[in-house]
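A.B. asks: Give the three-dimensional model of this entry:
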Amino acid sequence: MVNKACKLFIDTWGWLCIWDNHQKRHEEVSDYYNSILKGKHVIFTTDFVLDETFTLLFKRLPYENAIEFVEIISESKKGLYLNVEKIDDERFEKSISLRKKYNDKPDISFTDLTSMVIMKELEINKILTGDAHFHHVGLGFQIVP
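C.D. replies: Below is the predicted model of the structure:
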């Protein structure tokens, strides 16, 4: 089992900032990500997050750049540091429950709610994101960098 301090969740915003050098915080986020890789941390994301990320990268970047990211992620899943969690029926239902709980926060995407379910389940408190609602929900998430 990986120690809590060594776990990091990356959401769509994080992946976009890492890969798309046109993003406002690209350099800062990329430097942080590279330091995490050197520190042998375990990175988590979900199939829903990657779906969003791939869709946006193919819209924003030349095909060659977007497909390179897809290939790197595919290879990374084979290694020891990237875990791609699947949103199964149980996790999906828990996400619906969160949607109902946070009915006063309509700007939270369903994908982000699924990420919150995973983070609570796997006891991950650090998330690479620019989305303040991970803090606003009061579940103890720490936004990095």
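A.B. asks: Give the closest residue to Lys7 in space, chain neighbours not counted.
C.D. replies: Ile124 (4.5 Å; C-beta to C-beta, 6 or more residues apart in numbering). Where you see a C-beta, it was placed from the backbone N, CA and C, and this is true even at glycine.
A.B. asks: let me redo that: Ile10
C.D. replies: Ile10's closest residue in space is Leu128 (C-beta to C-beta, 6+ apart), at 4.6 Å.
A.B. asks: so where's the protein uncertain?
C.D. replies: Regions of the chain meeting the criterion pLDDT under 70 cover residues 1-5, 80.
A.B. asks: how about a cut-off of 80?
C.D. replies: Across the chain, the ranges flagged by pLDDT under 80 are 1-5, 40, 79-81.
A.B. asks: Could you pull out the helices in it for me?
C.D. replies: 12-19, 26-38, 47-60, 63-76, 89-101, 110-121, 133-136 (DSSP state H).
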